[in-house]
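Q: The sequence isn't on hand, but the structure is:
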């Protein structure tokens, strides 16, 4: 299953993924930039939008976070088909289409005046999220990398954390100075001006040896699975697949729900600006955690790492529930954030280790879609519990419970079927 650092391309040339001159590394840089904008506008930005729309219109948290849930559900459906989209459009067109639509949705979310418009804006962002986030980046890098795929994905997804470190404080600061409508337009212009030229310059044709799953089969000696549909069918019957998908779905319900509501939770305690700093600290720690994890990922038990990360996040949430001390809240945010990036990266790396390379792109899209479909309910669930109980105590305890359950499930091991 594991290939050497260098392997033959279709034309007989040696592909050395460990070389600094390898053509795949600029693609990692582009994916880093794309992830920065995708997570700033489509993920961490959700918390900013929720707080700002509450302030501007007085809408309840449950109304806005339910729209966020619909956004994640719709984009989860789209994510299922990312592997097919990248085969049809190619990585360059897919990424550019994602950037354009996420920018268009970002413009619209700053101009809305009634709740139904929020759903339209989020539908646009959903298309952009599907074309720029985890599944798109994993599938894109899978075309250039085999042995170094884990490192490439880990480096590229540091952009996701940078989207929180840089994007959230910039959004909050710009909104305070220029207002929400003007800031949303400016953010969209920056996204397109920086990302589209980078994609056009550095994302070209992948090496011929790195074809999407349907084309790889032609070079495989009589594989057991010969279509994307059959890979998905085999995955649904695999315990190994479900002991990846179920725990990470639960973990991301808690993680995404907390992140979307973090500013609203901290705002009454420390103010909007200091709350945005706590978000930035959390995401900065996510970068540190992912970088440190990337250095040892090939030598560690990834399932045990996932369980330990889940427990640490649960403990951090429990601390936040039971204190109003700013130093303790910043510390707990940092501890929570240390594992945020790894929760996004780990499913792909576990899939790579436990399943065949041929099935990687399809299975990563499938795991990502199921996880996203599940965690789509996180923001809405927390919003409803917040409105029902009048505080974030009950919803955050619910999140901590989900994380502890997930920590137990992810430790269940099963042999992947030979078909995938």
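A: Done, it's in. These figures come from a predicted structure and were not determined experimentally.
Q: where does this structure have its least confident helix or strand?
A: Least confident element among the helices and strands of the chain, by mean pLDDT, DSSP states H and E: helix 213-216 (a mean of 40).
Q: which helices and strands does the helix or strand following it pack with?
A: Going down the chain from helix 213-216, the next helix or strand is helix 228-236, by DSSP states H and E. Secondary-structure packing of helix 228-236 (3 or more C-beta pairs under 8 Å, 6 or more residues apart in numbering; DSSP states H and E): helix 213-216, helix 360-375. All C-beta atoms are positioned from the backbone trio N, CA, C, and that covers glycine.
Q: quick one: helix 228-236 to chain centroid distance?
A: Its chain's average C-alpha position is 23 Å from that of helix 228-236, according to C-alpha atoms, centre = their mean, to the nearest Å.
Q: Quick check: buried residues in it?
A: Neighbour-count burial for helix 228-236 flags 228, 230, 231, 232, 234, 235 (criterion: 16 or more other C-beta atoms under 10 Å).
Q: Now pLDDT and distance to residue 347 too, for these, in a markdown table please.
A: Shown next, in a markdown table, are those (pLDDT from 0 to 100; distance: C-beta to C-beta, whole Å):
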| residue | pLDDT | distance to residue 347 |
| --- | --- | --- |
| 228 | 79 | 19 |
| 230 | 84 | 21 |
| 231 | 85 | 16 |
| 232 | 85 | 16 |
| 234 | 86 | 18 |
| 235 | 88 | 13 |
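Q: Could you look up the SS state of residue 172?
A: Recorded secondary structure, residue 172: helix (DSSP: H, G, I helix; E, B strand; the rest coil).
Q: Report the contact partners of the closest residue to it other than its chain neighbours.
A: Of all residues not flanking residue 172 in the chain, residue 276 sits nearest, at 4.2 Å (C-beta to C-beta, 6 or more residues apart in numbering). Contact analysis of residue 276 by C-beta atoms under 8 Å, 6 or more residues apart in numbering lists 48, 168, 169, 172, 173, 263.
Q: What subset of the residues you listed is buried?
A: Buried among the contacts of residue 276 (16+ other C-beta under 10 Å): 48, 168, 169, 172, 263.
Q: and which of those residues is nearest residue 389?
A: residue 263 (19.2 Å; C-beta to C-beta).
Q: Is it correct that the closest one is in contact with residue 51?
A: Yes - assessed by C-beta atoms under 8 Å, residue 263 is found in contact with residue 51 at 4.8 Å.
Q: rewinding a little: if you average pLDDT over each of the helices and strands packed on helix 228-236, which is lowest?
A: Among these, helix 213-216 has the lowest mean pLDDT, at a mean of 40.
Q: In terms of pLDDT, where does the most centrally placed residue in the chain sit?
A: With distances taken as C-alpha atoms, centre = their mean, residue 134 lies nearest the centre of the chain, 4.9 Å away. pLDDT, residue 134: 89.
Q: Quick one: residues contacting it.
A: Residue 134 neighbours (C-beta under 8 Å, 6+ apart): 79, 157, 344, 348, 364, 368.
Q: Run a quick neighbour tally on residue 381.
A: By other C-beta atoms under 10 Å, 22 other residues sit near residue 381.
Q: nope, residue 266 is what I was after
A: 24.
Q: How about residue 191?
A: By the criterion of other C-beta under 10 Å, residue 191 has 26 neighbours.
Q: which stretch of helix or strand covers it?
A: Residue 191 is part of helix 180-202 when elements are defined by DSSP H and E.
Q: List the buried residues in that helix.
A: For helix 180-202, by 16+ other C-beta under 10 Å, it's 180, 183-188, 191-192, 195, 198-199, 202.
Q: Which pLDDT value goes with residue 218?
A: 37.
Q: what do you get for residue 212?
A: Looking at residue 212, its pLDDT reads 46.
Q: quick revisit: JSON lines for the buried residues of helix 228-236, including distance to residue 55?
A: Below are those laid out as JSON lines (distance: C-beta to C-beta, whole Å):
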{"residue": "228", "distance to residue 55": "45"}
{"residue": "230", "distance to residue 55": "51"}
{"residue": "231", "distance to residue 55": "47"}
{"residue": "232", "distance to residue 55": "43"}
{"residue": "234", "distance to residue 55": "49"}
{"residue": "235", "distance to residue 55": "44"}
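Q: Let me know the closest of the residues you listed to residue 104.
A: Nearest member of these to residue 104, counting by C-beta to C-beta, is residue 228, at 29.4 Å.
Q: so what's residue 162 up against?
A: Counting by C-beta under 8 Å, 6+ apart, residue 162 has contacts 32, 35, 36, 39, 283, 287.
Q: Show me how far stretch 120-127 is from its chain's centre.
A: 16 Å.
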